[in-house]
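1. any chance you could fold what I've pasted below:
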Amino acid sequence: MSEKLLTETESQNVLSRDSRQNVRSRDSQEIEIRTQGVNLLINNIIGRNQEFFAEPQNRLDFIKSQSAEDFLRFAQYINAKLRGEKPHQLRHDEDEKGGFLMKLHTPSHKDKPAAFKNGYEELQDYLKTSSDSTEKKVAGAAMAVEALVIWVHPFNDGNGRTSRFMAKLIEDGATDLTELAQETAFKGLRRRYYKHDNCATQEGALGVADNEDIMLEDHERDELRERAKNLPSDVVSIGLSIKNLLESDEVRQSTLPKQIVAFQYSR
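-> Numbering: from 1, shown residues only. From the prediction side, this is the model:
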């Protein structure tokens, strides 16, 4: 009995179908891992404290009471649990000079703690001095924490999940654990766009000017280098950006889903 030979087109269709099945299988595994990580984290952090986190003022008081170092350790704990690792085992590249995501420049490894601290203290100052309503402060704090983690990018992986978990917890407390888990695990369910211009800092502008992979004329590179002399550092810029986000209703509105293109940049 002779076997039927597949045409080239039929072979490509089979390979394409198998590839799609493999992708779906990997996606299903990733979804399961992420969901388990979020649920474990919810049990560990919220547990018996669900009533505490449900109260908006308690969430604001928690932020005001934590030092920047303590809050970064809190973020590190969340990141580790979401990734199935122990906080002290998280690895960082000490030689990292800062990187570029889409429309985003991140501080170097050595500048990340100071940049995070600068941004966090701007948030604390806003919470302590602003006359905004509690509702508006909660919304602003959630945005600021989410943006801070994304902009500083303190972890090798999982910055997106970490930022979404923290923002959603601050925003809504533990009032809907299913929604908290879903928005943390799946970036498409919580879409915010926090713009931080690559060329808005000294390091960012110089990074663009010195990057030969970016198509620029020599005079454009020279102009960027000259411009960099008058720009704030990464550390200062993070604080200024958080301050601007908290104080400007226009900037806040620009982060919301109706204002953004289908653009997802963090895992």
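2. so T175 sits against P56, correct?
-> No: here T175 does not reach P56: they are 10.2 Å apart, not a contact under C-beta atoms under 8 Å. (Glycine included, C-beta is placed from N, CA and C.)
3. the two: who's more crowded?
-> Remark: of T175 and P56, P56 carries more neighbours, 18 against 11, as counted by other C-beta atoms under 10 Å.
4. what's the closest non-adjacent residue to the more buried one?
-> Counting by C-beta to C-beta, 6 or more residues apart in numbering, V138 is the residue found nearest to P56 once chain neighbours are left out, at 5.0 Å.
5. what about the one you found, distance to E55?
-> Applying C-beta to C-beta, to the nearest Å, one obtains 10 Å for the distance of V138 from E55.
6. who's more crowded, those two?
-> Neighbour comparison, V138 and E55: the larger count goes to V138, with 21 against 11 (by other C-beta under 10 Å).
7. what is the subsequent helix or strand relative to the host helix or strand of the more buried one?
-> Using DSSP states H and E, the element containing V138 is helix 134-152. Downstream of helix 134-152, the first helix or strand assigned by DSSP H and E is helix 159-172.
8. orientation of the helix or strand following that next one relative to helix 159-172 in degrees?
-> Moving toward the C-terminus from helix 159-172, the next helix or strand (DSSP H and E) is helix 177-185. Relative orientation of helix 177-185 and helix 159-172, computed by axes from the mean of the first three to the mean of the last three C-alpha atoms, to 10 degrees: 150 degrees.
9. what helices and strands are in contact with helix 177-185?
-> With contacts defined as 3 or more C-beta pairs under 8 Å, 6 or more residues apart in numbering; DSSP states H and E, the packing partners of helix 177-185 are helix 8-45, helix 159-172.
10. okay, the helix holding V138 in CSV with CA atoms only?
-> These are the backbone C-alpha positions of helix 134-152, laid out as CSV (Å, rounded to 0.1, in the frame of the first residue of the first chain):
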residue,chain,number,x,y,z
THR,A,134,-8.6,60.0,49.0
GLU,A,135,-10.1,58.5,45.8
LYS,A,136,-7.8,60.6,43.6
LYS,A,137,-4.8,59.9,45.8
VAL,A,138,-5.4,56.1,45.6
ALA,A,139,-5.7,56.3,41.8
GLY,A,140,-2.5,58.5,41.6
ALA,A,141,-0.6,56.2,43.9
ALA,A,142,-1.5,53.1,41.8
MET,A,143,-0.4,54.8,38.6
ALA,A,144,2.8,56.1,40.2
VAL,A,145,3.9,52.7,41.6
GLU,A,146,3.1,51.0,38.3
ALA,A,147,5.1,53.6,36.4
LEU,A,148,8.0,53.6,38.8
VAL,A,149,8.5,49.8,38.5
ILE,A,150,8.2,50.0,34.7
TRP,A,151,10.5,53.0,34.3
VAL,A,152,13.2,51.8,36.7
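11. how far away from the center of its chain is that helix?
-> The gap between the average C-alpha position of helix 134-152 and the chain average comes to 11 Å, counting by C-alpha atoms, centre = their mean, to the nearest Å.
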